[in-house]
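Visitor: Sequence below, structure please.
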Amino acid sequence: MNKITEIFKNNKALIIYLTAGDSSIDKTEEQILTIAKNGADLIEIGIPFSDPVADGKIIRDAMARALSKNIKLDDIFNMVKNVRKKSDIPLVFMTYLNPLLFYGYERFFKRCSEIGINGLIIPDMPLEEQDEVKSFADEYNITIITLIAPTSKERISVLARQAKGFIYFISSLGVTGVRNKITTNLSAVISEIRKVTDIPVAVGFGISTAEQACEIIKYADGVIIGSAAVKIIAENKKNTVLKLAEYIAEIKRGMTS
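Guide: Take a look at the predicted model:
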């Protein structure tokens, strides 16, 4: 079984996102290990990019902070290599296509394989353009995660059939960010997905509370939290690890109670 898919085997999965190098590259390593120890089942590591079109202000600001520190891809690779000495939690890069093009596809995927990255999410790469990276992903055993949005409609079956690892279902129109209410009919869309695949479905964009997570896992196999975790990192410079630990544990308790 795919290592990413395994996290959904016996429980609802909690997936947490953070931006690499937001505080510093060393602190990112510490934050990843804290998140792993306090209930997360998979961690998305955002690669900073200057034009993150799918992201709202919280994550855009985090990427800007990381870029201001001159964080490079090789710094992130080395940080993940250190994490892998201490944790085997599945790790996925969230990246826009431009950093891959600049670094070189084969070089990038080879490095991912060497340091133990399990998957890749590329929000600005549509299905029709995935062939240009698929051969490298297959060669180096890196899972490309499929995103499905509420507007996908007639494309849902096409997208779902080729999905691997899990399906990242975007809960709301627009960019990432904390939302008070999810208005999309999750049950209906997830039912459509399940007609064509048994790949797990995790819901992201806007989720920030244990109550929201509990509601979503009535229909989905997992929840993805990004902006809320990044906000904690931004607002708690002195006790980031403690606040992250408390927050992740609270969400996990709510999901399992």
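
Visitor: In contact with residue 242: list those residues for me.
Guide: Shown in contact with residue 242 (CB atoms under 8 Å, 6 or more residues apart in numbering): residue 236. For the C-beta atoms, the positions are set from N, CA and C on the backbone; glycine is no exception.

Visitor: okay, it: pLDDT?
Guide: What the model reports for residue 242 is a pLDDT of 97.

Visitor: where's it relative to residue 204, distance?
Guide: According to CB to CB, to the nearest Å, residue 242 stands 25 Å off from residue 204.

Visitor: do the same with residue 112
Guide: With the distance defined as CB to CB, residue 112 ends up 21 Å from residue 204.

Visitor: Which parts of the protein are strands?
Guide: Taking DSSP state E, the strands of the chain run over residues 13-19, 42-46, 91-94, 119-121, 143-144, 146-148, 167-170, 201-204, 222-225.

Visitor: Those strands: which one's closest to residue 83?
Guide: strand 91-94 (7.2 Å; CB to CB).

Visitor: Pairing partners for that closest one, with directions?
Guide: strand 42-46 (parallel), strand 119-121 (parallel) (DSSP bridges).

Visitor: what does the shortest one contact?
Guide: The one in question is strand 119-121. The contact list for strand 119-121, computed with CB under 8 Å, 6+ apart, reads 4, 44, 90-95, 112, 137, 142-145, 147, 165, 168.

Visitor: got it, and stretch 142-153?
Guide: Here stretch 142-153 makes contact (CB under 8 Å, 6+ apart) with 2, 4, 92, 109, 112-113, 117-123, 127, 130, 133-134, 136-137, 155-156, 159-160, 162-173, 184, 189, 193.

Visitor: pLDDT wise, what is residue 179 at?
Guide: 45.

Visitor: scratch that, residue 50
Guide: On pLDDT, residue 50 comes in at 89.

Visitor: residue ranges of the helices in this protein, please?
Guide: 3-6, 25-37, 57-68, 73-83, 97-103, 105-115, 131-139, 156-161, 186-194, 210-216, 227-235, 240-256 (DSSP state H).

Visitor: will you turn those helices into a markdown table that also has distance to residue 200?
Guide: Listed next are the helices of the chain as a markdown table, based on distance: least, CB to CB, whole Å:
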| stretch | distance to residue 200 |
| --- | --- |
| helix 3-6 | 6 |
| helix 25-37 | 19 |
| helix 57-68 | 24 |
| helix 73-83 | 23 |
| helix 97-103 | 25 |
| helix 105-115 | 22 |
| helix 131-139 | 19 |
| helix 156-161 | 11 |
| helix 186-194 | 10 |
| helix 210-216 | 13 |
| helix 227-235 | 21 |
| helix 240-256 | 14 |
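
Visitor: Of all the ones you listed, which one is nearest residue 50?
Guide: Proximity to residue 50 (CB to CB) singles out helix 57-68 among the helices of the chain, at 6.3 Å.

Visitor: what angle separates the closest one from helix 25-37?
Guide: Helix 57-68 runs at 140 degrees relative to helix 25-37, counting by axes from the mean of the first three to the mean of the last three CA atoms, to 10 degrees.

Visitor: relative to strand 13-19, how tilted is helix 57-68?
Guide: 50 degrees.

Visitor: Helix 57-68: which residues count as buried?
Guide: If you call a residue buried by 16 or more other CB atoms under 10 Å, then helix 57-68 has these buried ones: 58-63, 65-66.
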